[in-house]
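In: The sequence and its predicted three-dimensional model are supplied below.
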Amino acid sequence: MNKNQKLWVKAKKFIPTGNNFLSKNPSRFKSKHWPIYFSKSKGCDVWDLNNKKYIDFSFMGVGTNILGYSNYNIDKEVMKTIKKGNLTTLNCPEEVQLAEELVKIHNWADAVKFARTGAEANAIAVRLSRAYNKKNKVIVCGYHGWHDWYLSAKFSKTNYMDTHLFPKLKVEGVPSMLKGNTYSVKYNDFDTIKKIIKKDKDISSIIMEVERDNKPKSNYLKSIRNICNKNNISLIFDECTSGFRETYGGLHLKYKIYPDMVMFGKAIGNGYALTAVVGKKKFMNKSKNTFISSTFWSERIGYVAALATLKEMKKTQSWKKIRLKGQYIKKSLSKIAQKHKLKIKFSGLDSLIKFEILGLGNFDYVKFINDQMLKKNFLATQNIYVSVAHTKKKIDNYLKYIDIVFEKIAKKNK
């Protein structure tokens, strides 16, 4: 048993489920050889506790590191800040600077509230919406965290939470009295949204991801914006995942559909904890009338990291680079699949690649990819979160080995 596995055995003894973030639980990656723990990282390289280096062609910190792990310019600013002090009785000036910058990027908005996690940011937006329009219920479309208001949608007879979350996820501890407070709908299903709003006049907000696995149908986002306007419903975009990947700012800027509030997280701090709710003043000012506060929301490092991240993104135009890299990967994977007579299906943004190999019956090709690519020192799944650190050389190296894996999959499928 190596160092990674030994520590995992200990972890399960002291930490329920073994770790604190479901997406990083080794059971999610299926391979018994998944390295589990890291000792250091740089670019898109990760070293495990045995000092073995892997190239990360999977989640890149679950979408947090567009600019690569341990980015020099960002870490330099953070280290300077640590030497000056991180959290005191007084406020840090960087939160004002960051709020101003985010409003400048999103000129439809007026104000910002900050938090540290995506679930917190979502909860803030929902609270502000309820305070503004004095209504209670929510329609959700996408993944929005772990809080009760969201998970209560699982109690509905017809819900689509399994498509938003991990299938068969348990939600014990969420009060059953919340049943009926949150509706979940499929992406691009505007008819169901219309029916819910017609039937239930207590809808406070529609909270949704602008785009995840599928692109919006013609007029879908515009129709949602219009129905919200007509019915005094807040439109909230959750861009914790999609933000700064397709544009410098929210993905909604590409579609020119502007919400009342939007949440950013993950990539905005390039691995440092910081999330933001950006919105119109009439909604954001309701924070004066309800209690929204947390000690570590005033912690300085996240703001400094986010400011440095935005500066680096703007300078390098990172969103363009990762989109082009993703397009190249998808085109190459399509050719490889075609070569081996495999049917491959893509979903998600160009920089948030998700692929599925169809027609393989019960064969667990994801586990097979995990195992085979680990032998070549790649962290690889059916997802690729593209970063600027994924160089052409590393991408081509990945494609060379995935070609061999696809060939083996094709032979097993005969």
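Out: Great, that's in hand. Numbering: from 1, shown residues only.
In: helix, strand or coil for Tyr54?
Out: strand (DSSP: H, G, I helix; E, B strand; the rest coil).
In: List the contacts of it.
Out: 35, 45-48, 374, 377-379 (C-beta atoms under 8 Å, 6 or more residues apart in numbering). Where you see a C-beta, it was placed from the backbone N, CA and C, and this is true even at glycine.
In: ranges for the strands of the stretch 151-300 of the chain?
Out: 182-184, 203-208, 234-239, 261-264, 275-279 (DSSP state E, counting those that start in this stretch).
In: The helix or strand Ala99 falls within vs strand 275-279, what angle?
Out: Assigned by DSSP states H and E, Ala99 belongs to helix 94-105. Put simply, helix 94-105 runs at 50 degrees to strand 275-279, going by axes from the mean of the first three to the mean of the last three C-alpha atoms, to 10 degrees.
In: in helix 94-105, what counts as buried?
Out: The neighbour-count check on helix 94-105 (16 or more other C-beta atoms under 10 Å) flags 94-95, 98-99, 101-103, 105 as buried.
In: Stretch 351-370 too?
Out: 351-355, 357, 360, 365-366, 368-370.
In: next one: stretch 322-329
Out: Neighbour counts over stretch 322-329 (16+ other C-beta under 10 Å) mark 322-323, 325-326, 328-329 as buried.
In: Spit out the contact partners of Gly249.
Out: Contacts of Gly249 by C-beta under 8 Å, 6+ apart are 105-106, 243.
In: for Thr316, that is, sorry about that
Out: Contacts were defined as C-beta under 8 Å, 6+ apart; by that measure Thr316 touches 67, 388.
In: State the pLDDT value of it.
Out: Turning to Thr316, the model gives it a pLDDT of 98.
In: Kindly provide the distance from it to Asn133.
Out: Using C-beta to C-beta, to the nearest Å, Thr316 is found at 41 Å from Asn133.
In: just Ile233 next, same as before
Out: To Asn133, Ile233 is 7 Å away according to C-beta to C-beta.
In: okay, now the domains of this protein?
Out: 3-70+318-412, 72-316 (automatic domain parsing).
In: end to end, how far does the first one reach?
Out: Spelled out, it's domain 3-70+318-412. 33 Å (C-alpha to C-alpha, to the nearest Å).
In: One more: stretch 357-375?
Out: End-to-end span of stretch 357-375 (C-alpha to C-alpha): 21 Å.
In: what sits up against the lowest-mean-pLDDT helix or strand in the chain?
Out: The least trusted helix or strand in the chain, going by mean pLDDT, DSSP states H and E, turns out to be helix 161-164, with a mean of 77. Contact with helix 161-164 is made by 140-144, 151, 153-154, 168-169, 184, 186, as judged by C-beta under 8 Å, 6+ apart.
In: Report the two of these separated the most.
Out: Pairwise distances across the contacts of helix 161-164 peak at 20.0 Å for Cys141 and Lys168 (criterion: C-beta to C-beta).
In: the more surrounded of those two?
Out: Cys141 (24 against 6; other C-beta atoms under 10 Å).
In: tell me the phi and psi of that one?
Out: phi -150, psi 90 (degrees, to the nearest 10).
In: show me the contacts for the nearest residue to it once chain neighbours are set aside.
Out: Spatially, and ignoring its direct neighbours in sequence, Cys141 is nearest to Met208 (3.9 Å; C-beta to C-beta, 6 or more residues apart in numbering). Applying C-beta under 8 Å, 6+ apart, we find Met208 in contact with 139-142, 187, 224, 236-238.
In: again, but for Ile196
Out: 139, 183, 185, 203.
In: and if you look at Gly279?
Out: Under the criterion of C-beta under 8 Å, 6+ apart, the neighbours of Gly279 are 109-112, 125, 128, 259-262.
In: how close does it get to Ala125?
Out: Counting by C-beta to C-beta, the gap from Gly279 to Ala125 is 7 Å.
In: Find residues that contact each of these two.
Out: Each of Met261 lies in contact with both Gly279 and Ala125 under the rule C-beta under 8 Å, 6+ apart.
In: if we can go back for a sec, TSV for the contacts of Gly249, including distance to Lys12 and pLDDT?
Out: Putting these into TSV (distance: C-beta to C-beta, whole Å; pLDDT from 0 to 100) gives the following:
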residue	distance to Lys12	pLDDT
Ile105	43	98
His106	43	98
Gly243	34	98
